[in-house]
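*Asks:* Sequence plus predicted model, see below.
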2 protein chains.
Amino acid sequence: MKKITIGEASRQSGVKVPTIRYYESIGLLAEPSRSEGNQRAYEQADLRRLAFIRHARELGFEVDAIRTLLTLQDDPHQSCASADAIAKARLVEVEQRIRSLLALKAELETMVEGCGHGRVDHCRVIEVLADHGQCAHTHH
Amino acid sequence: MKKITIGEASRQSGVKVPTIRYYESIGLLAEPSRSEGNQRAYEQADLRRLAFIRHARELGFEVDAIRTLLTLQDDPHQSCASADAIAKARLVEVEQRIRSLLALKAELETMVEGCGHGRVDHCRVIEVLADHGQCAHTHH
DNA sequence: TCTTGCACCTCTAGTCGCTAGAGGATGTAG
DNA sequence: CTACATCCTCTAGCGACTAGAGGTGCAAGA
């Protein structure tokens, strides 16, 4: 079992060095053992945990949710209902966010298309921003 | 011209009272005149500016971008090229965000559908999170 | 007139998830 | 032995607010 430095862990997991230390500080990652010279020495299990965290963060899970997911993972006999609930909640959030972004996209397109590239006093971008009534879509 | 209190401005614009004060503190909103008792007294023009800011924020523009848009609005003889560029950049951002959220949605759906509601050791949610290789979509 | 009670004031600190930088120790290659 | 990269801890900063403490202003009812 050869030990892995934080830099190596960073390279292998794709999580930046300061971020790894940050995860340790907030208790997402356990404190690893240290070398003679007080440098962090990780093991394979830590790398797996880091990959888990990274993937979950990429999926937009909040740190608190990840904390729950990690404790679930640590105890495989538990029911996975909580994990399921967390994922479902996240799915609903993502769906809402997509809907609202699609509305925004439509509105931005109207703005940009309407812009005749002239002076500001006829600029559709500024106009639409100034008067929400001109906004074609009821996104908010 | 009757004066408008900050609470009234908040109600009419939909921007919370502390947020209005915050916008003033960062220079998005000019310092309004004050009543005898040192309370902020807004005018119609301030309400229009607040509505502009609110709408722009809802469209996801950053405060710096809004600052630029506001100075453009204040000088109607300028070319609207900057406004156009800002809106276009935002459009590109929104489109990217939508694409990545759609990929996330697909992945979350796979996770949730695969969950047999049993124990954690067979939970697809946890599994997929733990092993990015199982992730069907190349969203990141 | 007095008092109740809400809305207002300023100021500081906290939120989230990092990121940047200072100032110093350690580890490795030439 | 000397560079130089990498590591360490610590504090502060980011964006865009939000929360709370501790105090003042103002309008309406008793």
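*Replies:* Great, that's in hand.
*Asks:* Quickly note the distance from the nearest residue to A:Leu29 once chain neighbours are set aside to DNA strand D.
*Replies:* Counting by CB to CB, 6 or more residues apart in numbering or on different chains, A:Leu29 lies nearest to A:Tyr23, which is 4.4 Å off, once chain neighbours are set aside. Backbone N, C-alpha and C define where each C-beta goes, glycine included. Computed as CB to the nearest atom of the strand, to the nearest Å, the A:Tyr23 to DNA strand D distance reads 12 Å.
*Asks:* helix or strand for A:Tyr23, which one?
*Replies:* Using DSSP states H and E, A:Tyr23 falls within helix A:17-25.
*Asks:* quick one: strands adjacent to the following helix or strand past that helix?
*Replies:* Counting by DSSP H and E, the element after helix A:17-25 in chain order, helix or strand, is strand A:33-34. Strand A:33-34 pairs in its sheet with strand A:40-41 (antiparallel), by DSSP bridges.
*Asks:* okay, the angle between the helix or strand that comes right after the partner strand and helix A:17-25?
*Replies:* Next in sequence after strand A:40-41, counting helices and strands by DSSP H and E, comes helix A:44-58. With axes from the mean of the first three to the mean of the last three CA atoms, to 10 degrees defining the directions, helix A:44-58 sits at 100 degrees from helix A:17-25.
*Asks:* After helix A:44-58, which helix or strand is next?
*Replies:* helix A:63-74.
*Asks:* got the angle between that following helix and helix A:17-25?
*Replies:* Using the same axes, to 10 degrees, one finds that helix A:63-74 and helix A:17-25 are set 70 degrees apart in direction.
*Asks:* per-residue confidence averaged over helix A:63-74?
*Replies:* The average pLDDT for helix A:63-74 rounds to 92.
*Asks:* does any part of that helix sit near DNA strand C?
*Replies:* Yes. Using CB under 7 Å from any atom of the strand, helix A:63-74 reaches DNA strand C at A:Val63, A:Asp64.
*Asks:* Quick check: next helix or strand after that helix?
*Replies:* Trace forward from helix A:63-74 with DSSP H and E and the next one is helix A:81-114.
*Asks:* Can you name every helix or strand that the very next helix or strand once past that next one contacts?
*Replies:* Under the assignment DSSP H and E, the closest C-terminal helix or strand after helix A:81-114 is helix A:124-130. Contact here means 3 or more CB pairs under 8 Å, 6 or more residues apart in numbering or on different chains; DSSP states H and E; on that basis helix A:124-130 packs against helix A:81-114, helix B:44-58, helix B:63-74, helix B:81-114.
*Asks:* thinking again about what came up before, quick one: the helix holding A:Tyr23 to chain centroid distance?
*Replies:* Chain-centre distance of helix A:17-25: 16 Å, with CA atoms, centre = their mean, to the nearest Å.
*Asks:* Which residues belonging to that helix are considered buried?
*Replies:* A:Thr19, A:Ile20, A:Tyr23, A:Glu24 (16 or more other CB atoms under 10 Å in any protein chain shown).
*Asks:* And for stretch A:40-50?
*Replies:* Per 16+ other CB under 10 Å, stretch A:40-50 contains these buried residues: A:Arg40, A:Ala41, A:Tyr42, A:Asp46, A:Leu47, A:Arg49, A:Leu50.
*Asks:* isn't A:Ala130 right next to B:Phe52, touching?
*Replies:* Yes. Using CB atoms under 8 Å, A:Ala130 is in contact with B:Phe52, at 5.1 Å.
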